[in-house]
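A.B. asks: The amino acid sequence is not available; the structure is as follows:
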């Protein structure tokens, strides 16, 4: 098992590696398509679930700090702030700062 990876996450990683190891290219392509089709909806639900967790931690009295949340979730401080704000992906949907302000 990889260091820092939960047992559940390792099982998912192992399953993805098993798909990559399918010898027949057509069967492998079919399996990849099935996984990709499921991934889009699941990723949306998982982002919502992770955001709810961050918001719940911030709503506690006293609120859990961004740094503590980052440490607990194994992500960066900026990632926690982005999750709370509802941003995801590469940052393309993040509002840009006006350079004149």
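C.D. replies: Received, thanks. Remember, it's a predicted structure, so these values are computed and weren't measured experimentally. Numbering: from 1, shown residues only.

A.B. asks: so is the closest residue to residue 86 other than its chain neighbours in a helix, a strand, or just coil?
C.D. replies: The shortest distance from residue 86 to any non-neighbouring residue, by C-beta to C-beta, 6 or more residues apart in numbering, is to residue 51 (6.5 Å). For every residue, glycine as well, the C-beta is placed using N, CA and C. What DSSP: H, G, I helix; E, B strand; the rest coil gives for residue 51 is helix.

A.B. asks: thinking residue 51 is in contact with residue 82, fair?
C.D. replies: No - if you go by C-beta atoms under 8 Å, residue 51 and residue 82 don't touch, sitting 9.7 Å apart.

A.B. asks: Next, count neighbours for residue 80.
C.D. replies: Using other C-beta atoms under 10 Å, the number of residues around residue 80 comes to 24.

A.B. asks: scratch that, residue 66 is what I was asking about
C.D. replies: Residue 66: 19 surrounding residues under other C-beta under 10 Å.

A.B. asks: The closest residue to it other than its chain neighbours: helix or strand, and which one exactly?
C.D. replies: Closest residue to residue 66 apart from its sequence neighbours, by C-beta to C-beta, 6+ apart: residue 80 at 4.9 Å. Per DSSP states H and E, residue 80 falls inside helix 77-85.

A.B. asks: Same question for residue 9.
C.D. replies: According to DSSP H and E, residue 9 maps onto helix 7-20.

A.B. asks: quick one on the thing from earlier: hmm, the residue nearest to residue 66 is touching residue 72, no?
C.D. replies: No - Residue 80 is beyond contact range of residue 72, at 9.4 Å (criterion: C-beta under 8 Å).

A.B. asks: separation between residue 23 and residue 31?
C.D. replies: Distance of residue 23 to residue 31, given as C-beta to C-beta, to the nearest Å: 12 Å.
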